[in-house]
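S.K.: Here you go, sequence then predicted model.
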Amino acid sequence: MNNEEARAIFFEELGNIAPEWDPADIDPAEDIRDAMDIDSMDLLNLVIAVHKRLGIDIPEPDYSHLTTIDGAVDYIVAKVKS
Amino acid sequence: MPSLGSDMEAGTLVEWLKAPGDRVGRGDTIAVVETQKGAIEIEIFEDGVFDELLVKVGETVPVGTPLAVIVRAGEAAPDASAPKPERSETTSPVSAAPEPTKGPLEAVPAAVAVDAQTRASPAARKLASEQKLDLSGIPGSGPDGAVVLADVTAFSGVPPKAPRKRVDLDAMAEAVAAAMARSKREIPHYYLCHKIDLTAALDWLEAANASRAPDLRILPGVLFVKAAALALAKHAGFNGRYTDHQFQHSDAINVGVAVSIRGGGLVAPAIHNTDRLDVQALMAQMRDVVGRVRSGRLRSSELSDATVTVTSLGERGVETMLSIIYPPQVAILGFGSITERPWVVDGDVKARRIVEASLAGDHRVTDGHRGAALLRKIDRLLQDPERL
């Protein structure tokens, strides 16, 4: 999986969690919890969605990687590779 | 039209989910109503047969207006000549909410529409039209062979589409402001704060979550809600409603969990019998209810049944919450951010994870001494998380 594929998947799942926002409008380095009003329940639902879609394990200490778009893309690509 | 909070005066019928002839049971949702708090699914608390719709889609009616007629299980349909239940006129705005009317039931099947070709219920006709189906080709299972909603659904294989209503945030802000103004005007609040060492609870939770799939993991907020519910079972003066100048204790502990809506707005739907749910079941219910808050599909009992509220702004970095009681409740518990702090344990200074719990109580019902005991109880419960 390359970065663009990972970004597309993450955007889709993020859009499902917070349909009020278009992830493409968000600064990819900004914390989505602030930029998109994402709370811990939303973040958990995002983890569940990515886990189910890609089959990757995302332990709790790694949740922080999913709090920015850039961080999530890098994390997903690395996880899928491993 | 049920009252979904002390500040609600009227609601607008958005959709009927049942049609005349449908069997209904306790807990079924029968309609969707638009209120200041968004689209709410109206539940029914009788077993019987859905008989007649008294309010049309799009109508705004006061709280207390009969919406439909249900013939209870084992009860004969009433005579068609019997007087109809009284109902108020459609209003907008509303000046006063009448008492619910308990009039005689109306005859079956008055709401089954008749046209030249096919007998069909309004909901069935609407769905058939939406799905471009010819009603005359659908076998009817309703009274006198009338086509009902279930027939259309079964025929097409496509369930009726539920509306995805967005919340009117201006209306919600108005409702919240009215409730908070009333609270500050009428309730003599007192406030207490209590720091809790959460290290043991978080260590336990993290160890448990490490071996769980993501969809079975539990958030720390669930522990707060469960500990609060268990503590309230021992401190009953905080669980109930203040109405008609007196406190009415509630045997059921239905914690209202404050949930923010993106873009503004706040609701606190009730988790029924919170104290009886294990943390896994409580987590599942909280996930479900948060999802439905965000999509605008709460149920009527979730808006009307809360006996106390738990709220948290800890994720936003707030350490201490001095909250406003949601009337007619008499208490609200708040939890701030979980922060690592120096803490003295057995004479040594250690880094511990601390949360500040707060209580806003109604001084007409309880006092600071009893409030302190409640917070202390929550603290003790959180030191022994396996037992939550």
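M.R.: Alright, I've got the coordinates.
S.K.: Where do the helices of the stretch 201-350 of chain B begin and end?
M.R.: B:220-234, B:279-295, B:300-304 (DSSP state H, counting those that start in this stretch).
S.K.: of all the ones you listed, which lies closest to chain A?
M.R.: helix B:279-295 (4.8 Å; C-beta to the nearest C-beta). (C-beta placed from N, C-alpha, C; glycine too.)
S.K.: now the closest one and helix B:220-234, what's the angle there?
M.R.: 110 degrees (axes from the mean of the first three to the mean of the last three C-alpha atoms, to 10 degrees).
S.K.: where does residue A:64 land in three-state SS?
M.R.: Look at residue A:64: counting by DSSP: H, G, I helix; E, B strand; the rest coil, its state is helix.
S.K.: Assign a three-state SS to the residue lying closest to it once chain neighbours are set aside, would you?
M.R.: The shortest distance from residue A:64 to any non-neighbouring residue, by C-beta to C-beta, 6 or more residues apart in numbering or on different chains, is to residue A:71 (7.7 Å). Under three-state DSSP, residue A:71 falls in the helix class.
S.K.: how far away is the nearest residue to residue A:21 once chain neighbours are set aside from residue A:54?
M.R.: Nearest residue to residue A:21, sequence neighbours excluded (C-beta to C-beta, 6+ apart): residue A:36, at 4.8 Å. Here the criterion is C-beta to C-beta, to the nearest Å. By it, residue A:36 lies 21 Å from residue A:54.
S.K.: Mind checking which of these two has more residues around it?
M.R.: Set residue A:36 next to residue A:54 and count neighbours by other C-beta atoms under 10 Å in any protein chain shown: residue A:36 wins out with 21 against 17.
S.K.: Might you list the low-confidence residue ranges for the stretch 1-150 of chain B?
M.R.: Scanning the stretch 1-150 of chain B for pLDDT under 70 picks out the ranges B:6-7, B:76-126, B:141-146, B:148-150.
S.K.: Just the strands from it, written as ranges.
M.R.: Here the stretch 1-150 of chain B has its strands, by DSSP state E, counting those that start in this stretch, at B:10-16, B:23-24, B:29-35, B:38-43, B:48-53, B:60-62, B:68-72, B:113-114, B:119-120.
S.K.: Ok, which of these comes nearest chain A?
M.R.: Across the strands of the stretch 1-150 of chain B, closest to chain A is strand B:38-43 (C-beta to the nearest C-beta), at 14.0 Å.
S.K.: now check the closest one, is it near chain A?
M.R.: No. Looking at strand B:38-43 against chain A by C-beta under 8 Å from any C-beta of the partner chain, there are no contacts, and the closest approach is 14.0 Å.
S.K.: Reformat the strands of the stretch 1-150 of chain B as TSV; add mean neighbour count.
M.R.: Shown next, in TSV, are the strands of the stretch 1-150 of chain B (neighbours: other C-beta atoms under 10 Å in any protein chain shown):
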stretch	mean neighbour count
strand B:10-16	22
strand B:23-24	17
strand B:29-35	22
strand B:38-43	24
strand B:48-53	22
strand B:60-62	22
strand B:68-72	20
strand B:113-114	14
strand B:119-120	24
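S.K.: Any chance of JSON lines for those strands, columns distance to residue B:356?
M.R.: Listed next are the strands of the stretch 1-150 of chain B as JSON lines, based on distance: least, C-beta to C-beta, whole Å:
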{"stretch": "strand B:10-16", "distance to residue B:356": "38"}
{"stretch": "strand B:23-24", "distance to residue B:356": "46"}
{"stretch": "strand B:29-35", "distance to residue B:356": "34"}
{"stretch": "strand B:38-43", "distance to residue B:356": "31"}
{"stretch": "strand B:48-53", "distance to residue B:356": "50"}
{"stretch": "strand B:60-62", "distance to residue B:356": "43"}
{"stretch": "strand B:68-72", "distance to residue B:356": "48"}
{"stretch": "strand B:113-114", "distance to residue B:356": "60"}
{"stretch": "strand B:119-120", "distance to residue B:356": "60"}
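S.K.: Mind checking those for the one nearest to residue B:272?
M.R.: The closest of the strands of the stretch 1-150 of chain B to residue B:272 is strand B:38-43. By C-beta to C-beta, the value is 11.5 Å.
S.K.: Describe which strands the closest one pairs with in its sheet and in which direction.
M.R.: strand B:29-35 (antiparallel), strand B:298-299 (parallel) (DSSP bridges).
S.K.: Now do the contacts for residue B:275.
M.R.: Listed by C-beta atoms under 8 Å, 6 or more residues apart in numbering or on different chains, the contact set of residue B:275 reads B:226, B:229-230, B:232-233, B:253.
S.K.: Contact residues of chain A facing chain B?
M.R.: Near chain B, when you scan chain A using C-beta under 8 Å from any C-beta, you find A:18, A:20-21, A:33, A:36-37, A:39-41, A:44-45, A:47-48, A:51-52, A:58-60.
S.K.: Filter those residues down to the buried ones, ChimeraX style.
M.R.: To isolate in ChimeraX the members of the residues of chain A next to chain B that are buried, counting by 16 or more other C-beta atoms under 10 Å in any protein chain shown, one can use:
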select /A:18,21,33,36,37,39,40,41,44,45,47,48,51,58
